[in-house]
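>>> Generate a structure from the sequence data that follows.
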Amino acid sequence: MEERVSLFDYELIVDDDGKRMLAFGKFAGRAGLIDFLHGLGQRYLSLGYSTPFLSLGQSHMYPSLAAAKAAVIAIGEEIATYGLPSGICPIVFAFTGSGNVSQGAQEIFKLLPHTFVDAEKLPELSAGKSLPPHHQSTRRAFQLYGCVVTSKDMVAPKDPSRCFDKADYYAHPEHYRPVFHERIAPYASAIVNCMYWERRFPRLLSIDQLQQLMKNGCPLVGISDITCDIGGSIEFVNKSTSIERPFFRYDTSTNLYHDDMEGDGVICLAVDILPTEFSREASQHFGDILSRFVTSLASAKGLLELPSHLRRACIAYTGKLTPLYEYIPRMRKTMIELPPTPANSLPDKKYTTLVSLCGHLFDKFLINEALDIIETAGGSFHLVKCDVGQSIDDMSYSELEVGADDTTTLDKIIDSLTSIANAHRGDPNAAEISLKIGRVSECGIDDSMDKVGPKVLILGAGRVCRPAAEFLTSYQNIDQVHVVVASLYQKDAEETVDGIKNATAAQLDVSDTESLSNLVSQVDVVVSLLPASFHAAIARVCIELKKHLVTASYVDDSMSKLEQAAQGAGVTILCEMGLDPGIDHMLSMKMIDEAHALNGKIKAFTSFCGGLPSPAAANNPLAYKFSWSPAGAIRAGRNPAVYKFLGEIIDVDGSKLYESAKRLRLPELPAFALEHLPNRNSLMYGDLYGISKEASTVYRSTLRYEGFSEIMAILAKIGFFDAENHPLLQETDRPTYRIFLNDLLDVNNVSTSNTKVNGEETGGHDDELISRLMMLGHCKEKELAVKILKTIKFLGLHEETQIPKDCSSAFTVICQRMEQRMAYGHNEQDMVLLHHEVEVEYPDGRPTEKHQATLLEFGKTENGRPTTAMALTVGVPAAIGALLLLQNKVQRKGVIRPLEPEIYIPALEILE
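Numbers count the residues shown, from 1 in each chain. Below you'll find the predicted structure:
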């Protein structure tokens, strides 16, 4: 700046469509794939296969790009003539991204005999179904297969009823879960990673996912990480490599890294200076494009005389920052001047809040506008987090801690920031920005971790979290417990702990291992209420730091394999500590152990459990409501089930599950008209509870109000649970719900004079629907057909309104309607009902006894804040698990369930 230089960033020189005009990406892609093919030959040789790839050198070994391409073409001809060993075929290359890097890599790949396939065809290809007959019969394959993977193949909405939306994914990646390890990686021989990644997005491939893939026999041989993003989208890539030694080997079974090609695992190329391998061509390319700008740069007498693509890329002009980059010293100043305090960093301001900004912050001047608002109002800010988008389409994300001397000023700042966000909504051409505002706190320093006494970290700020936090902070028979609730969004955590004494909020991305470790190291016990897919990674951190962990989720394979490590570290990983699983385990084992203590044997074990609306809220034809997406509940009703009844193993096909429902009346609760459906695999619970050999009946079921399953079974027969794309829903002109219903039932869209059905006035279309339901065999009686018609009309499936564009199948249509029409009202309560029965026989002639245990819980509203029964019965048991660990009442180490007396006896006493 002192030398009054003008500084241009060549990576920011983009055209009006946001496409880079000056880039080395294609050269990186070309060199990266050639080098990888070279290493692939060596790796296959170490695995016992000789391939033409062995004769290919690295990119820098050839005098020119043309010579390197000629060498690739030569091995392609060899593959086309002699083929590849059948033991490694089909060889599938998965390319991520569609930018310059990916285009360069694909350019080299296309020099080989190849076929590109769509992602959804990979399973078919892997099974050999896509190969021509003469290829299927030979022992060698004469081509490679490529698959270009885009974001829709890498992630899926967490809400199964929603469809992938690229714009929504970039704006709200937290709404999506990774699926690359399910849809692509199991079929890939090589992954060529060419995509840009930010930490707020799901990883392409985590260590856990890769380890499980290799354990399952995945054909993956190696990864060419041309992006060379250390600890990025491919988690195990922990270092860059050199041109001289371009590969390392990662052994997934031992989690160790090696510099050779021999042994188990996958090879990885991670060179970060690939374009230099074609230095002459890359330099010529760069110079040719740069020379187009020289005249403008030399002749312009001021910044405004420069073409727009150069103005946008100009960071400083004649020693001064240009307006677009004036935020740089302002943001750097907050990082330099403030001391490194652990949390809030504005000690000179009495009131602070965390502001999360997401949008085109840096390429559309919006960050400058936001900072101007803060400073003009007399506030100050501290940069907490910043992720910058790398193209004109990418969103940027920043978190600012904003401070002010009084709440009036802070409110003014928040209002002004909100106004600039709202100003851009609804205009697709506007500079997009969105924001979240955290809770205002007095005094900035967060000293929660310095408090004396036991500390519990709760991961996740969903509806289950608050009951857990309230229980832990209010329990009297232990020193005051301090709870820290950590969530990806600070605001969510703050709302959860609002009003709870001795509870504080923290922002945490659990995929950031360093930040997770920092929080875990400061507490005594961790409770994870996040989705089960996160638990193994969290458990590894807890084991490393020797901290106990509680979850409410089932023990899966990824958790089971941590048993030995947890035992060695003296750590307890207490899983399945919720309702089902959780309370059901504890009530069952209490009755079973008591019977065994009296020399009794369990003759029959039956369990009924369900989350239901309270009777007052069961006010629709299905007598059921959803507190989240209906998709999961509907899919659960299509799962197969198996149980033992009077010594016979009963298998229930998933398509017949609703039809297998049976009526249930509980003498203790005569007002409830219930039914039950078998719940998945009941037999495994016989093994868990140690009664498989003695019990002739082992049955677990799901509860619903009577009539639910009958209606759901007929909706399934109509076709509403079909998840395949429906032709009508693929058309540009959207059909109405009525047209779609008519198509499913093959009904003519008629409207005749009204008639009476069971005393109710209906139209001709209704009569035809009833007729079709009976004619198709869906309903045998007219009374049932009328009930189905009422359900259809309640859900609005007969209406003359257009079906939304995000509905592509009958399944998404019914999910969308159920979510709208069957949600809980503001003052409505849910209910949890759990009922166990055991039949005990004794060898000494004593009469057979029946024992039972029942839990009935309703949702509550206290101080205007509703808490669901489901949240109570999941959150409180998890909190009790943490409490028992704090009190050292659990002696068992390793990965355990609450099946032992040392857990279930005190836990049930507390619950009572």
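>>> Val483: neighbour count?
29 (other CB atoms under 10 Å). Where C-beta positions appear, they are placed from N, C-alpha and C, glycine not excepted.
>>> Actually, Ala80.
Other residues close to Ala80 by other CB under 10 Å number 13.
>>> Would you enumerate the residues in contact with it?
Pro113, Phe142, Gln143 (CB atoms under 8 Å, 6 or more residues apart in numbering).
>>> hmm, 6 Å instead?
The contact partners of Ala80, taken as CB atoms under 6 Å, 6 or more residues apart in numbering, are Pro113, Phe142.
>>> same question, Glu262
Ser46.
>>> switch to 10 Å and redo it
Gln42, Arg43, Ser46, Leu47, Arg249 (CB atoms under 10 Å, 6 or more residues apart in numbering).
>>> Quickly name whichever of those is closest to Glu800.
Arg43 (61.6 Å; CB to CB).
>>> residues in contact with the closest one?
36, 49, 51, 53, 190, 221-222, 247, 249, 261-262, 266-267.
>>> Next, work out how far apart it and Gly222 are.
To Gly222, Arg43 is 6 Å away according to CB to CB, to the nearest Å.
>>> Who are the contact partners of the residue positioned nearest the centre of the chain?
The centre of the chain sits closest to Arg177, judged by CA atoms, centre = their mean, with a distance of 2.5 Å. Residues near Arg177 by CB under 10 Å, 6+ apart: Val155, Ala156, Pro157, Lys158, Asp159, Pro202, Pro531, Ser533.
>>> Dump these into a markdown table; add neighbour count as well.
Formatted as a markdown table, those follow (neighbours: other CB atoms under 10 Å):
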| residue | neighbour count |
| --- | --- |
| Val155 | 20 |
| Ala156 | 19 |
| Pro157 | 19 |
| Lys158 | 12 |
| Asp159 | 17 |
| Pro202 | 19 |
| Pro531 | 12 |
| Ser533 | 15 |
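>>> coming back round to it: which residues do Arg43 and Gly222 both contact?
With CB under 10 Å, 6+ apart as the test, Arg43 and Gly222 both reach Phe36, Ala190, Phe247, Arg249, Met261, Val266, Ile267.
>>> Could you find the lowest-pLDDT member of the residues you listed?
Scanning the shared contacts of Arg43 and Gly222 for pLDDT, the low point is Met261. It has 89.
>>> Who wins on neighbours among the contacts of Arg43?
Phe36 (31 neighbours).
>>> So, low pLDDT: which residues of the stretch 551-700 of the chain?
By pLDDT under 70, the stretch 551-700 of the chain has no low-scoring segment.
>>> Gln605 and Met586, how far apart?
Let me fix one detail, which is that residue 605 is Phe and not Gln. 14 Å.
>>> His765 too?
His765 is 53 Å from Met586, by CB to CB.
>>> Between those two, which is the more surrounded one?
Neighbour totals were compared for His765 and Met586, and Met586 leads with 26 against 18 (other CB under 10 Å).
>>> care to break this structure down by domain?
10-17+285-317, 25-280, 326-442, 455-577+871-894, 583-713+827-862, 725-808 (automatic domain parsing).
>>> most neighbours per residue, which of those domains?
domain 455-577+871-894 (a mean of 21; mean count of other CB atoms under 10 Å).
>>> where does the stretch 251-400 of the chain dip in pLDDT?
In the stretch 251-400 of the chain, residues with pLDDT under 70: 330-350, 359-365, 384-397.
>>> All the strands of it, in order from the start?
256-258, 266-269, 314-317, 320-321, 351-359, 380-387, 396-404 (DSSP state E, counting those that start in this stretch).
>>> and the ones you listed as TSV, adding distance to Ser206?
As requested, the strands of the stretch 251-400 of the chain are exported to TSV (distance: least, CB to CB, whole Å):
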stretch	distance to Ser206
strand 256-258	16
strand 266-269	14
strand 314-317	36
strand 320-321	39
strand 351-359	24
strand 380-387	19
strand 396-404	21
